[in-house]
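Undergrad: predicted coordinates and the sequence they were generated for:
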Amino acid sequence: MNNPLINPGLGTPIWMLVSFGILAFILIKFGWPAILKALDKREKAIAESLGEAAKAREEMKTLVAHNEELLHQAKLERDELLRQARLTGEQIVQDARDKATAEANRIVESARENINYEKLKAMTELKNQIANLSIEIAEKLIRAELSDKPKADALIQKELELMNLN
């Protein structure tokens, strides 16, 4: 059993060591700096990513605080707008009430004036009718009285005496 793989001779391990040494030298000289450079680059990228993530987290906290402040401001503005709208509505209702009251008072006053005018007109018309009726009655009475000559003379004499006394 003289198999070179199982029982290698003295030259094989030496050549293996020389080959390994050359390979190690090449890897250390050329490969190791590239690997270290890649690892440094990756480390920097990870560190930058972590820094950006921390910065993003801080920005998110700031944005959340800012959003909460904006939400609070919006609620305050909404409340103020609602209060102003309520006050404006109440003012409009009050103005409408005042106008309605003034208009009602004007209508009532106008109606009173019309009633007084119509009342005076009716009274004047009634007085005129009474005067006309009185004149007609007096005329008829005087005609009846004056149709008889002796009565007419006596009536005239009596009226003259009354006028003289006054």
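TA: Perfect, thanks for sending it. Numbering: from 1, shown residues only.

Undergrad: Three-state assignment for Gly9, please.
TA: The local conformation at Gly9, judged by DSSP: H, G, I helix; E, B strand; the rest coil, is coil.

Undergrad: Trp32 now?
TA: Under three-state DSSP, Trp32 comes out as helix.

Undergrad: count the residues that sit near it.
TA: 12 (other Cβ atoms under 10 Å). C-beta here means a position set from N, CA and C on the backbone, and glycine is covered the same way.

Undergrad: relative to Lys44, how far out is the most centrally placed residue in the chain?
TA: In the chain, the residue lying closest to the centroid (Cα atoms, centre = their mean) is Ala85, at 4.3 Å. Distance of Ala85 to Lys44, given as Cβ to Cβ, to the nearest Å: 59 Å.

Undergrad: what do you get for Asn114?
TA: From Asn114 to Lys44 the distance is 100 Å (Cβ to Cβ).

Undergrad: show me the shaky parts of this structure.
TA: 1-2, 4-5, 8, 145, 166 (pLDDT under 70).

Undergrad: try it again at 90.
TA: Along the chain, segments meeting pLDDT under 90 span 1-16, 27, 31-35, 130-166.
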